[in-house]
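*Asks:* what shape does this take:
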Amino acid sequence: MNAISNVLDFLIHVLFTMYIYAVILRMLLGFTRADFYNPFSQFILTVTNPVLTPLRKFIPSMGGIDTSAIVLIFVLKFVELALRSFLIGKQILLSALLVPSIIGVLQQVLNVFIFAIIILVVISWVAPHLHGQSNPITPILRSITEPLIRPARKLIPPVGIFDLSTLAVLLALYCIKIFLHSL
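*Replies:* Here you go, the predicted model:
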């Protein structure tokens, strides 16, 4: 690939990945019933509403699951992989992109949880309060990660000031990522 193709490949990957992360966060915010009036939640809503609102007219939610967001996430990943394959000149069947799309989405969902847990840990150690106010992203990250950490906390109680359940969840998430990567 030449330099222009490399730059285009990079931009396609970054832009699609960032938007997929935004849609994943939107889905998780709804699933965990996070505070949608939080400034971070408002940002995610503003970014994802232009695509998700019209899509919801055709793909309704089922049983509290935001199916339109799930469909959008997989379509975006599929289109990203198809564009990147076309850009580098690979001749592949579009059906061959289904499994890599599914694995790629699952890895991105795992990354959201991993990043959220790491950011929470760093915030709790470094800056639990900013200028006397709570950090606005903290409650959102807690609502996203709590469904994973709560069961681990029941098995692994805190040791002094250290919550080892977060470490256990991180290790489990990385093990799943390694398994997915091997596929």
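
*Asks:* so how far is stretch 21-35 from its chain's centroid?
*Replies:* Stretch 21-35 has its C-alpha centroid displaced from the chain centroid by 9 Å (CA atoms, centre = their mean, to the nearest Å).

*Asks:* stretch 4-22 now?
*Replies:* 15 Å.

*Asks:* may I see the buried residues of that stretch?
*Replies:* Residues L8, I12, F16, T17, Y19, I20, Y21, A22 are the ones in stretch 4-22 that count as buried (16 or more other CB atoms under 10 Å). From N, CA and C alone the C-beta is placed, and that goes for glycine too.

*Asks:* dump the C-alpha coordinates for that stretch into PDB.
*Replies:* C-alpha atoms of stretch 4-22 as PDB (Å, rounded to 0.1, in the frame of the first residue of the first chain):
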ATOM      1  CA  ILE A   4      -2.300   7.700   0.700                       C
ATOM      2  CA  SER A   5      -3.800   4.200   1.100                       C
ATOM      3  CA  ASN A   6      -2.200   3.900   4.500                       C
ATOM      4  CA  VAL A   7      -3.700   7.200   5.600                       C
ATOM      5  CA  LEU A   8      -7.100   6.300   4.300                       C
ATOM      6  CA  ASP A   9      -7.000   2.900   5.900                       C
ATOM      7  CA  PHE A  10      -6.000   4.500   9.200                       C
ATOM      8  CA  LEU A  11      -8.800   7.200   9.000                       C
ATOM      9  CA  ILE A  12     -11.500   4.600   8.100                       C
ATOM     10  CA  HIS A  13     -10.400   2.400  11.000                       C
ATOM     11  CA  VAL A  14     -10.300   5.200  13.500                       C
ATOM     12  CA  LEU A  15     -13.600   6.900  12.500                       C
ATOM     13  CA  PHE A  16     -15.600   3.700  12.300                       C
ATOM     14  CA  THR A  17     -14.000   2.400  15.600                       C
ATOM     15  CA  MET A  18     -14.800   5.600  17.400                       C
ATOM     16  CA  TYR A  19     -18.400   5.600  16.200                       C
ATOM     17  CA  ILE A  20     -18.900   1.900  17.100                       C
ATOM     18  CA  TYR A  21     -17.600   2.700  20.600                       C
ATOM     19  CA  ALA A  22     -20.100   5.500  20.900                       C
END
